[in-house]
Structure formats: C-alpha cells, structure tokens
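Student: mind folding the following:
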Amino acid sequence: MISIFLNQGVFSNSVFSSYRVLISFILLSGVVLSNTYASGLASVLTIPRYGKPLETIHDFVESPYRWGASSLAWILSLESADTHDIRELVARFDMIPGEEELFRRSLGGDYGLAIEFLNSGYYAYLSFVRQENVQLFDILKQELYFMYTIAYSQRGWPLMEYFNKFNLETIQHGFILHWEKQMIRKYMSSRIEQILSLIAEGHNSVKELKPLSVTHILGPSFVLLIGLSAAIVLFILELIWVHFNSRLILKPSSVERQTVYVKLRAKLSSATAAVERDSKRNATSTKSYKSV
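Tutor: Residues are numbered from 1 along each chain as shown. Sure thing, here's the model as predicted:
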C-alpha cells in the first residue's frame with residue numbers, strides 16, 4: 001500500500017483474484033490522493049494568498065494594525081463613545097505631528113492613515129498621502145463618523161437669521177459642492193484623487209494578476225533541485241556499494257582459495273588411492289583365477 005502511494009511498483013500475484021481487486025482499489029485511491037496533493041501544492045506555489053479585506057470598523061479592530069494622524073481632532077468626537085469597537089479604535093490611535101513619519105510608517109502596509117471624505121465625493125488628505133504609498137491602502141466601506149461644519153456666533157446676534165438663510169441657499173444651490181471641487185482641483189492631486197476613488201470602488205492596480213514566470217517558482221525549484229541531486233548521489237553510492245559487496249562475495253580471499261585448493265587436492269589424492277586399490281584388487285583376483 002505504501003509503495004502504491006509513493007508511485008512505486010508492487011509484486012504481482014496472478015493466483016488470487018481478490019488480491020488483484022484489492023490492489024486495483026488501492027491503486028485508484030493512490031491516484032486520487034496523488035493528484036489531490038499535486039494540485040494543492042501547485043495552487044499553493046502559484047496563487048498568492050491575500051488576507052481578509054478590511055471593510056468595517058470591526059474588521060479593523062480585529063486586525064493587529066494601528067492608525068494615526070497629525071492631530072487629535074480626529075478622535076475628539078470619539079472619546080466619549082461607549083461601544084467596544086470605537087473605544088478600541090481610539091486606543092490604537094497615534095498622534096504623530098510629523099507627516100514624514102506618518103508617510104514612513106505607511107510604507108510597511110500595516111499602518112492606517114486618516115483621510116476625510118467630503119460631501120462632493122472627493123477626499124481631503126495631508127501630504128503624508130502620496131503616489132508612493134496611496135496604492136498600498138484599502139479604504140473602509142464603513143465611515144468612522146460623520147459631522148457637520150459648525151459656525152459659532154455670539155448669543156443674540158441680529159444677523160443669525162440671515163446667516164442661516166444664506167447657508168441653506170448655498171447648500172440648496174450646490175455652492176458647497178462647487179467650492180469643495182474647486183479647492184480639490186486647486187490644492188490636491190488629481191492623480192491621487194483618481195486612485196483613491198478606484199480603491200474605494202474595489203479596484204487596486206497593485207493587486208492585478210500577473211502571468212506566472214520563473215521568478216515565482218524559483219524557491220521551490222531550488223528545493224526540488226537539491227532533493228533530486230541528493231537522490232542521484234545516494235543512488236550512485238548505492239550502486240557502488242552493491243558492486244563492491246558483490247565482488248567481495250564472489251571473489252574469495254587468498255586464504256580461502258588456499259583452503260579450497262588443499263581440500264580439493266586431498267579429495268583428489270583419496271580418489272586416486274581408491275582407484276589404485278581397486279586396480280590392484282582386480283589384478284590379484286585375475287591371477288588367482290588363471291592359476292586355478
């Protein structure tokens with residue numbers, strides 16, 4: 001059974017049909033197991049393994065990643081939250097004033113950065129989001145929180161009614177969205193905005209499939225080469241050992257040859273003496289017969 005599973009030969013037995021049936025079933029199971037192992041090994045060596053995508057806040061909390069920004073304003077609205085995921089998210093926040101440090105940490109692919117999603121559908125970000133690291137990100141489908149822009153004034157301000165009416169009309173006529181798009185075109189990179197939009201839709205150019213090449217299987221090829229080389233060397237050593245062992249068995253030593261020669265000579269001498277005795281006995285019996 002083990003020899004069949006290792007794709008080796010077995011001793012044939014044509015006497016019993018039950019033996020042939022048993023070997024046939026074991027051979028079929030061995031073929032199934034061998035093909036299953038070969039296909040599984042091929043899939044492991046060729047198909048890259050990706051982790052579970054982070055789509056919600058809970059997924060991010062379950063991951064070992066941390067996140068950060070250049071200001072504490074990102075978590076001021078979350079510090080009073082009582083849910084477990086939000087409290088854990090606040091605990092993992094790192095306030096790093098240096099934007100270069102945030103950019104350096106993001107290059108590892110295991111650190112999150114905070115960006116703002118505007119009402120116009122664009123993203124607002126600082127200089128730590130660049131073309132060198134933007135394609136390493138995955139944007140959560142669940143928003144962390146949403147809040148309006150608040151304007152303060154003194155109590156009893158006589159122009160508050162006109163101010164509220166002005167804000168309502170600007171929102172209704174789309175001036176807010178127009179101003180946001182204008183500021184994005186003026187101060188942000190259109191290339192990064194396009195990449196962020198594609199990532200939010202689930203398209204990331206970094207994860208595009210590439211054709212299989214020799215470099216993808218270079219490591220397993222070296223392991224296979226080492227195994228085959230070791231097997232060939234052991235096979236040659238086994239042949240040499242069998243050859244010398246057979247020579248030692250077939251060719252006796254000088255002492256053994258001398259002993260065999262002495263034994264053969266003794267047997268030959270005893271046979272010659274027996275023949276001479278028989279001839280003398282026959283000659284004596286012939287003479288006595290003639291005398292009679």
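Student: how about the residue positioned nearest the centre of the chain, phi and psi?
Tutor: By C-alpha atoms, centre = their mean, the chain has its centre lying nearest to V44, at 5.6 Å. V44 has phi and psi values of phi -70, psi -40 when expressed as degrees, to the nearest 10.
Student: which residues touch V129?
Tutor: Contacts were defined as C-beta atoms under 8 Å, 6 or more residues apart in numbering; by that measure V129 touches L113, I115, I192. C-beta here means a position set from N, CA and C on the backbone, and glycine is covered the same way.
Student: would you say it is within a strand?
Tutor: No. Counting by DSSP: H, G, I helix; E, B strand; the rest coil, V129 falls outside a strand, being coil.
Student: distance of it from Q142?
Tutor: If you measure V129 against Q142 using C-beta to C-beta, to the nearest Å, the figure is 20 Å.
Student: for this protein, what spans make up the strands?
Tutor: 66-69, 93-95, 111-113, 116-117, 123-124 (DSSP state E).
Student: mind putting the ones you listed into a markdown table with distance to H216?
Tutor: Below are the strands of the chain laid out as a markdown table (distance: least, C-beta to C-beta, whole Å):
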| stretch | distance to H216 |
| --- | --- |
| strand 66-69 | 32 |
| strand 93-95 | 36 |
| strand 111-113 | 27 |
| strand 116-117 | 37 |
| strand 123-124 | 34 |
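Student: give me whichever of those strands is most buried.
Tutor: Most buried of the strands of the chain, by mean neighbour count (mean count of other C-beta atoms under 10 Å): strand 111-113, with a mean of 20.
Student: partner strands of it and their direction?
Tutor: Strand 111-113 sits in its sheet next to strand 66-69 (parallel), going by DSSP bridges.
Student: show residues contacting the strand it pairs with.
Tutor: In contact with strand 66-69 (C-beta under 8 Å, 6+ apart) are residues 60, 89, 92-96, 102, 105, 111-114.
Student: can we see that at 10 Å?
Tutor: Residues from elsewhere that reach strand 66-69 (C-beta atoms under 10 Å, 6 or more residues apart in numbering): 60, 74-75, 89, 91-97, 99, 101-102, 105-106, 110-115, 126, 128, 144.
Student: equivalent analysis for stretch 157-166, please.
Tutor: By C-beta under 10 Å, 6+ apart, stretch 157-166 touches A151, S153, Q154, F175.
Student: could you dump it to CSV, C-alpha only?
Tutor: Taking Å, rounded to 0.1, in the frame of the first residue of the first chain, the C-alpha atoms of stretch 157-166 are listed here in CSV:
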residue,chain,number,x,y,z
TRP,A,157,-26.5,88.1,17.1
PRO,A,158,-29.1,90.0,15.0
LEU,A,159,-27.9,88.6,11.7
MET,A,160,-28.2,84.9,12.7
GLU,A,161,-31.5,84.5,10.7
TYR,A,162,-29.9,85.9,7.6
PHE,A,163,-26.8,83.8,8.1
ASN,A,164,-28.9,80.6,8.4
LYS,A,165,-30.9,81.6,5.3
PHE,A,166,-27.6,82.2,3.4
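Student: for Q194, give me its contacts.
Tutor: With C-beta under 10 Å, 6+ apart, Q194 has these contacts: V134.
Student: that older thread, list only buried entries from the contacts of stretch 157-166.
Tutor: Taking 16 or more other C-beta atoms under 10 Å as the criterion, nothing in the contacts of stretch 157-166 is buried.
Student: any weak-confidence spans in the stretch 1-150 of the chain?
Tutor: Judged by pLDDT under 70, the stretch 1-150 of the chain has its weakly predicted residues at 1-16, 47-50.
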